[in-house]
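J.: sequence first, then the predicted structure, then my questions.
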Amino acid sequence: MTLPQTLAFLIIAAMMVAFVWGRWRYDIVAVGALLAALATGVVPPEEAFSGFSDDIVIIVGSALVVSAAVSHSGIMEVAVRRFAPQIARPRAQLILLVVVVTVLSAFVKNIGALAIMMPIAFQMARKSGVSPSLFLMPMSFGSLLGGLMTQIGTSPNIIVSRVREEMTGQAFTMFDYTPTGLALSVVGVLFLALCYRLLPERRREETGLDTAIEINNYTTEARVTEESSAIGKTVAEIQRNSDGQAMILRILGAGGQRRTPLPDAKLRAGDILLIEGSATALDAMVSQSDLVFSERRGAATRDAADLSTIEAVVGENSSLIGSSAQELTMFDSTGLSLLAVSRRGQRFTERLGQIRFQSGDVILLQGDLARLPELLRQWDCLPLVERGLQVGSVRNGIIPLTILFVAMAATAIGLVPVAPAFFAAAAAMVLSRSIPLRDVYNRLDAPILIMLACLIPVSDSLRSTGGTELIAAWLSATASNLPGWGALALIMVAAMAVTPFLNNAATVLVMAPIAATFATDLGYAPEAFLLAVAIGAGCDFLTPIGHQCNTLVMGPGGYRFGDYWRLGAPLSVLVVLVGVPVLMLVWPF
């Protein structure tokens, strides 16, 4: 073993120890590993920042923006409520999410399937009061398993098909992977449904101040328009859209008559509804019932990117005290719309515009992003920490899903590679205003992208120094002394172990020719060994860096590097125990 090879192995080993220890954040560890590799000459200076242009970084960053845009549209809330309205228990929700993402991953790229389902996971987590971390990692693992079922599900399957064609003249067909992939997916889903509690519950590190602010008694006013889907529906049906977190306090008819909001009372066009609940619940009720905030005006004529929603506390010396929004002609004089008011320990009975402000009131305002700070200073109001509220924001409905499906279809038929397709989809989301421009960079999750960009050249040092050749020689020597099933298991385990450092496509490119060659030397048919490489490379359950699906959920789930092996290690063992006999049965050698 040469000195560069020794240094490469030592740096990577030290990096993995630091990751598992968890003393320093993962991006700091990755930066340190890159600097160490540069200082020792393992990574040449001209290759140090090649990771920042790597496809994986582009795919993960773009997928984060695409997923955020789909979530912002609110269409996933409607889907959950329509197709799974009664599923409220976390285990049932997890099973549904994992099954759907697993099946989807067989027919579209697993990163795309995961991007579609992540917003639904957040909605279900909010509904059942659990952390999204309960769902996201099992969903990522399900997407990896589902990708094993068809040729287009994951990149390793495509590559081993090409290797087989070069060796035998016949490539794998679309569904040659299905028997083994289906068996592993079924067993994997059952394991995730039964053993998901091996995963510790995590919450994002960044969510500290915003989650400490919990205001559940905002009062707002919404109108039933002629186009509203709420016409003819009962109060109980409308309140169901907020999962019971908001309630209608009063109904004011178009003619001014007041009606008691009994559960079976039906809504009519022109009704004004006085509603109380949390900001999120109010937004869900209003947007999903096609209601209109009564005090929200002028938004249709403004650029949505310039509109912002902010929470502020009325100060002791505020000029607002004692006046109402109507008396102040708030919108006409400032361009701000009053969306809701909250007062501790009090439930309002008057209309929103008639509420007289008091010191300590929390008000929800929407208006020109550039003018809000100045107006709040003039009124002596203190803005609360930004919580990314979507109340009153413009939604584009089906447009984000259409963009995402077009991108996935383009990759499925081979028209466009995954990285350009998702990058174009993210750009289209911004151009179509499916996500506010000011939110885009907040969604990119810089620590994750920095970690990936730094690890790519460090991991590639195994190949550039010849370390992978040493691994290949050891595998060939070891496998030649094993029975057929042992050699098959060794190849699969080795592919799993190497994938975090080479990424799955590079692992197949290195391992597939080795597996095929010694299978032929031992007198075995190569198909089972090629598929063992594809399965091992496609099943990195131990780290967040071997596959972009695992990386995609790391930030939103608040996971630590060491969390992955807790659930992933037993699942990896299960994949080997089930995958080897199924391969021998389906592809006898």
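T.: Perfect, I can see it now.
J.: how about the strands in the stretch 351-500 of the chain?
T.: 362-368, 381-383 (DSSP state E, counting those that start in this stretch).
J.: among those strands, which comes closest to residue 321?
T.: Relative to residue 321, the nearest member of the strands of the stretch 351-500 of the chain by CB to CB is strand 381-383, separated by 10.5 Å. For the C-beta atoms, the positions are set from N, CA and C on the backbone; glycine is no exception.
J.: tell me the mean pLDDT over that closest one?
T.: Here strand 381-383 scores 87 as its mean pLDDT.
J.: so which bits of it are buried?
T.: By 16 or more other CB atoms under 10 Å, the buried positions in strand 381-383 come out as residue 381.
J.: residues touching it, excluding its own?
T.: Strand 381-383 is contacted from outside by 310, 311, 312, 313, 314, 315, 318, 320, 363, 372, 373, 376, using CB atoms under 8 Å, 6 or more residues apart in numbering.
J.: to residue 234, which of the strands of the stretch 351-500 of the chain lies closest?
T.: Closest to residue 234 of the strands of the stretch 351-500 of the chain is strand 362-368 (CB to CB; 26.9 Å).
J.: the closest one pairs with which strands, parallel or anti?
T.: The sheet places strand 362-368 alongside strand 307-314 (antiparallel), strand 337-342 (antiparallel), with pairing taken from DSSP bridges.
J.: could you say what helices and strands the host helix or strand of residue 582 packs with?
T.: If you go by DSSP states H and E, residue 582 is part of helix 563-586. Using 3 or more CB pairs under 8 Å, 6 or more residues apart in numbering; DSSP states H and E, the elements in contact with helix 563-586 are helix 133-146, helix 178-195, helix 484-502, helix 527-538.
J.: quickly note the distance from residue 344 to residue 359.
T.: Relative to residue 359, residue 344 is positioned 11 Å away (CB to CB, to the nearest Å).
J.: tell me which of these two has more neighbours.
T.: residue 359 (14 against 9; other CB atoms under 10 Å).
J.: now the more buried one: closest residue in space, sequence neighbours ignored.
T.: Of all residues not flanking residue 359 in the chain, residue 316 sits nearest, at 4.9 Å (CB to CB, 6 or more residues apart in numbering).
J.: shouldn't the one you found be within a helix?
T.: No - the assignment for residue 316, made by DSSP: H, G, I helix; E, B strand; the rest coil, is coil rather than a helix.
J.: from residue 348, how far out is it?
T.: Residue 316 is 21 Å from residue 348, by CB to CB.
J.: over to residue 151?
T.: Using CB to CB, residue 151 is found at 60 Å from residue 348.
J.: so residue 459 makes contact with residue 12?
T.: Yes - counting by CB atoms under 8 Å, residue 459 does reach residue 12; the two are 7.2 Å apart.
J.: with neighbour numbers in mind, choose between the two.
T.: residue 459 (24 against 21).
J.: quick check, pLDDT for that one.
T.: 77.
J.: for residue 243, same thing?
T.: Confidence score, pLDDT, at residue 243: 72.
J.: what do you get for residue 305?
T.: 48.
J.: could I get the buried residue list for stretch 33-49?
T.: By 16+ other CB under 10 Å, the buried positions in stretch 33-49 come out as 33, 34, 36, 37, 38, 40, 42, 43, 48.
J.: ok so, going back, would you turn the strands paired with strand 362-368 into JSON lines with distance to residue 65 and mean neighbour count?
T.: Listed next are the strands paired with strand 362-368 as JSON lines, based on distance: least, CB to CB, whole Å; neighbours: other CB atoms under 10 Å:
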{"stretch": "strand 307-314", "distance to residue 65": "19", "mean neighbour count": "21"}
{"stretch": "strand 337-342", "distance to residue 65": "26", "mean neighbour count": "25"}
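J.: these: lowest mean pLDDT?
T.: strand 307-314 (a mean of 82).
J.: follow-up on the earlier one: so which of the strands paired with strand 362-368 gets nearest residue 477?
T.: Proximity to residue 477, assessed across the strands paired with strand 362-368 by CB to CB, is greatest for strand 307-314 (64.1 Å).
J.: and the next helix or strand past the closest one?
T.: Counting by DSSP H and E, the element after strand 307-314 in chain order, helix or strand, is helix 330-334.
J.: list the buried residues of that next one.
T.: For helix 330-334, burial by neighbour count (16+ other CB under 10 Å) applies to 330, 331, 334.
J.: same check on stretch 261-269?
T.: Buried residues in stretch 261-269, counting neighbours by 16+ other CB under 10 Å, are found at 261, 265, 267.
J.: same list (those) but as TSV, adding secondary structure, pLDDT and distance to residue 6.
T.: Converted to TSV, the buried residues of stretch 261-269 look like this (DSSP: H, G, I helix; E, B strand; the rest coil; pLDDT from 0 to 100; distance: CB to CB, whole Å):
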residue	secondary structure	pLDDT	distance to residue 6
261	coil	90	74
265	coil	91	77
267	coil	92	74
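J.: from those residues, pick the one nearest residue 281.
T.: Minimum distance to residue 281 across the buried residues of stretch 261-269 is 15.7 Å, recorded for residue 261 (CB to CB).
J.: hey, what's the residue nearest to the closest one when sequence neighbours are not counted bridged with?
T.: The shortest distance from residue 261 to any non-neighbouring residue, by CB to CB, 6+ apart, is to residue 248 (4.3 Å). Under DSSP bridges, the beta-bridge partners of residue 248 are residue 275.
J.: tell me which residues of the helix holding residue 582 are tucked away?
T.: Of the residues in helix 563-586, 563-568, 571-572, 574-576, 578-580, 582-583, 586 count as buried by neighbour count, 16+ other CB under 10 Å.
J.: likewise stretch 485-502?
T.: Buried residues in stretch 485-502, counted by 16+ other CB under 10 Å: 487-502.
J.: how near is the closest residue to residue 422 other than its chain neighbours to residue 195?
T.: Residue nearest to residue 422 in three dimensions, not counting chain neighbours: residue 62, with 3.8 Å by CB to CB, 6+ apart. To residue 195, residue 62 is 32 Å away according to CB to CB.
J.: neighbour-wise, which of these two wins?
T.: With neighbours defined as other CB under 10 Å, residue 62 and residue 195 compare such that residue 62 has more, 25 against 15.
J.: from the buried residues of helix 330-334, which is closest to residue 226?
T.: Nearest to residue 226 out of the buried residues of helix 330-334 is residue 331 (CB to CB; 22.5 Å).
J.: the closest one contacts residue 365, doesn't it?
T.: No - using CB under 8 Å, residue 331 is not in contact with residue 365, being 10.3 Å away.
J.: anything in contact with each of the two?
T.: Residues touching both residue 331 and residue 365 (CB under 8 Å, 6+ apart) are 337, 338.
J.: where does pLDDT dip in the protein?
T.: By pLDDT under 70, the low-scoring segments of the chain are 74-86, 203-214, 295-307, 369, 385-397, 438, 472, 502-503, 505-506.
J.: find the centremost residue of it, please.
T.: Centroid check for the chain by CA atoms, centre = their mean gives residue 118 as the closest residue, at 4.3 Å.
J.: in what helix or strand does it lie?
T.: helix 110-128.
J.: quick one: the helix holding residue 582 to helix 484-502, angle?
T.: Angle, helix 563-586 to helix 484-502, by axes from the mean of the first three to the mean of the last three CA atoms, to 10 degrees: 140 degrees.
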